[in-house]
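Enquirer: A structural model of the following input is requested.
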Amino acid sequence: MGQGSTGSYALGNIKNSLSAIAIESKLKEICNVVNHHLIPLIARMNGWEMTRLPFIAVDDLESVSLEETSKFLQRTASVGLIPRTLPVVNRVLNLLGLDSLPEGTDLNSLLTESTSKSGQELDNPLEGSRKTASVGNDNDNNLDNSG
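Expert: So this is what the prediction gives:
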């Protein structure tokens, strides 16, 4: 598809995304016809009440990548950029396919304290965290840092 491993991956994602958009569009068209024509027709034939009819809906075809979502949440929460509020927690739970917490939930009893040290070096960003000289760089082994 592309040239090199990252190019192929990027083009593959775009292709999948465009396919999902096209399929989603067709599914919404089908739902529209079923909801506005077939369901009312069946309801009239069966003598149903026309004020409360069922309907068909389509969710997004492309699911959220749990890996990408977890990376984003870990990275932003570790530096204090995600507020610990019920709407935020419920949004994260919903992204994971879980039910929302009820209103009035005590988040302090459910959530642990942030224990990541990833934001510590923000006080002095020009000085690295390594205090001793060594061969190589620890970040070289982290595939997320490769370009």
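Enquirer: domain assignment for the chain?
Expert: 1-59, 63-112 (automatic domain parsing).
Enquirer: ok, of these, where does mean pLDDT dip lowest?
Expert: Among the domains of the chain, domain 1-59 carries the lowest mean pLDDT, a mean of 80.
Enquirer: now the domains of the chain as TSV including mean neighbour count?
Expert: Glycine gets a C-beta too; all of them are placed from N, C-alpha and C. What follows is the domains of the chain, written out as TSV (neighbours: other CB atoms under 10 Å):
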stretch	mean neighbour count
domain 1-59	11
domain 63-112	12
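Enquirer: and the nearest residue to Val88 once chain neighbours are set aside, what does it touch?
Expert: Excluding the flanking residues, the one nearest Val88 by CB to CB, 6 or more residues apart in numbering is Ile82, at 6.2 Å. Ile82 is in contact with 73, 76, 88, counting by CB atoms under 8 Å, 6 or more residues apart in numbering.
Enquirer: Lovely, talk soon.
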